[in-house]
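K.L.:
build me a model from this:
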Amino acid sequence: MAPSHPFAVAIQQCWHELCALLWPTVCIGCGAPDRDLCADCLAELLANRGRVLEVPSIAGPVRVVGRYEGVLRSALIAYKHAGLTRLAASLAACLSAPLHEALRTEQRGDVAMPLIIVAVPSRAARVRERGYRHVDLLVRGALRLGRIEASRPFAFFVPGALRALPGRTSQVGLDSGERVRNAALVAVPRRMRGRIRGRRAVLVDDVVTTGATMAAAVRVLEDAGAQVIAVIAICATERKDFRESVEVKAP
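P.N.:
Next up is the predicted model:
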């Protein structure tokens, strides 16, 4: 997030100018020179903060901040596939609204029952290629923004609660039946079963299309003894029923 103090802004500007000289780049949103994300595109991206929509999927309602398009789409692609991890903070700021809304809503439930946050896993080959678990980084960033763990001690992130099984491929280009079969290749590692059994869970992904991946993750978590009480993502792909989404008041 951008600093507000004039001195901090000036220092950041000098740093950006130095980086532009050493590592020339262009804005991933509009192509303007010298910035990974120019001021206008950053403002467009961060305009999603505080927005929470519910979109239908085969996994049930999913809370997101908007469509998988424009600067939001460009930033997510650059973060996932081009190694621009410095975009993680801005994307985490977008994720924070649906995550905090899910946690805030569920506070009305049994607060004595531990609430965990679980990320949808990437394939092992993709994690090795990237060098980081992209959804995990966003979850941790969103939690830091809202200080959830401090304000609600029964909510915490459990990395590695799910893993992708051998044979799983990218969902891109698959038809609906193939998506369901491919998405089913996910499991709870044996060593993690004790950590999730008997707990409520919020499931997090980056993009939701049909919801096949999330539905499979919900099923294996519940088979392992968890109760999934909310499913969230940063954005949803354009579908004809997206316009029927219900806007939720963000915390």
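
K.L.:
for the chain, name the helix or strand with the lowest mean pLDDT.
P.N.:
When the helices and strands of the chain are scored by mean pLDDT, DSSP states H and E, helix 148-151 comes last with a mean of 47.

K.L.:
beyond it, next helix or strand please.
P.N.:
Once helix 148-151 ends, the next helix or strand along the chain (criterion: DSSP states H and E) is strand 155-157.

K.L.:
from the chain's centroid, how far away is that next one?
P.N.:
In terms of C-alpha atoms, centre = their mean, to the nearest Å, the centre of strand 155-157 is found 15 Å from the chain centre.

K.L.:
buried sites along it?
P.N.:
For strand 155-157, the neighbour count (16 or more other C-beta atoms under 10 Å) marks 155, 157 as buried. C-betas here are computed from N, CA, C, even on glycine.

K.L.:
reduced to three states, what does P166 come out as?
P.N.:
Assigned by DSSP: H, G, I helix; E, B strand; the rest coil, the conformation of P166 is coil.

K.L.:
nearest residue to it in space, please, no chain neighbours.
P.N.:
Spatial nearest neighbour of P166, chain neighbours left out: L185 (7.7 Å); criterion: C-beta to C-beta, 6 or more residues apart in numbering.

K.L.:
and for G160?
P.N.:
M192 (6.2 Å).

K.L.:
what's the local residue count around the one you found?
P.N.:
Look at M192: counted by other C-beta atoms under 10 Å, it has 18 neighbours.

K.L.:
tell me the secondary structure at it.
P.N.:
M192 ends up helix, using three-state DSSP.

K.L.:
same question, A233
P.N.:
Looking at A233 with three-state DSSP, the answer is strand.

K.L.:
and the strands in the stretch 1-150 of the chain?
P.N.:
In the stretch 1-150 of the chain, the segments counted as strands under DSSP state E, counting those that start in this stretch are 51-55, 62-64, 66-67, 115-119.
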